[in-house]
Structures are given as C-alpha cells and as structure tokens.
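What follows is a protein structure lacking sequence information:
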C-alpha cells in the first residue's frame with residue numbers, strides 16, 4: 001500500500017491495477033490490530049496451509065483445491081474403542 005500512495009513512477013509501474021476502488025479509510029482499516037479470535041484463525045491458517053475466510057468459503061475452497069487434510073485435526077485419527 002505504501003508504494004501505491006508514496007512510491008515513485010518506476011515503483012508504481014510494476015503494480016497491477018486494483019480490481020475495485022478501495023475505501024478511503026483503507027489504511028486505517030488494514031492497520032487495525034486483529035482480535036484474539038481473528039489472530040488465532042490467521043495463525044492456524046498459516047500453520048496448516050488452510051484457506052482463511054468464512055467457514056462455508058473455507059470448506060468450498062479446501063474441497064476445490066484438495067486441501068481437506070488441512071481442515072482435519074493433526075495426527076492420526078483415534079481408534080474407536082470396542083464396547084462389550
């Protein structure tokens with residue numbers, strides 16, 4: 001974002017145009033600290049290589065990109081105990 005606002009002509013020349021106009025308060029919005037639950041979601045996404053977004057979108061995207069394994073718990077599935 002800094003280059004878009006303050007970069008010289010050469011620096012700006014390598015940027016693709018934005019597909020939409022961004023909001024006037026964009027800089028303030030992207031610089032707001034994340035809430036604890038948002039931060040946890042970002043960390044999990046990075047650690048597991050999982051898509052980040054709303055639950056329905058995550059499921060759809062993981063299925064489309066064959067990333068279902070990133071949604072399951074880590075490690076081997078627990079064996080079911082036999083009941084007598």
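Okay, I see it. Predicted, not measured: the structure shown is a model, and the values here were computed from it.

What segments of this structure are helices?
For the chain, helices defined by DSSP state H occupy the ranges 2-6, 9-13, 26-30, 36-48, 55-64.

In a markdown table: these, plus mean neighbour count and mean pLDDT.
Placement of C-beta: from N, CA and C, glycine included. Converted to a markdown table, the helices of the chain look like this (neighbours: other C-beta atoms under 10 Å; pLDDT from 0 to 100):
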| stretch | mean neighbour count | mean pLDDT |
| --- | --- | --- |
| helix 2-6 | 10 | 85 |
| helix 9-13 | 9 | 91 |
| helix 26-30 | 11 | 86 |
| helix 36-48 | 12 | 95 |
| helix 55-64 | 12 | 94 |
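
Can you report how many residues neighbour residue 66?
8 (other C-beta atoms under 10 Å).

Check the gap between it and residue 80 for me.
Relative to residue 80, residue 66 is positioned 27 Å away (C-beta to C-beta, to the nearest Å).

and if you look at residue 32?
For residue 32, the distance to residue 80 (C-beta to C-beta) stands at 45 Å.

Likewise for residue 67?
Distance from residue 67 to residue 80, counting by C-beta to C-beta: 26 Å.

again, but for residue 70
From residue 70 to residue 80 the distance is 24 Å (C-beta to C-beta).

neighbour-wise, which of these two wins?
Higher neighbour count among residue 70 and residue 80: residue 70, with 17 against 6, using other C-beta under 10 Å.

Next up, the contacts around the more buried one.
Under the criterion of C-beta atoms under 8 Å, 6 or more residues apart in numbering, the contact list for residue 70 reads 48, 49, 50, 51, 62.

Nearest to residue 5, out of the residues you listed: which one, please.
Looking at the contacts of residue 70 and their distance to residue 5, the nearest is residue 51, at 29.1 Å (C-beta to C-beta).

in terms of contact, does the closest one touch residue 58 like I think?
Yes - if you go by C-beta atoms under 8 Å, residue 51 and residue 58 touch, sitting 4.9 Å apart.
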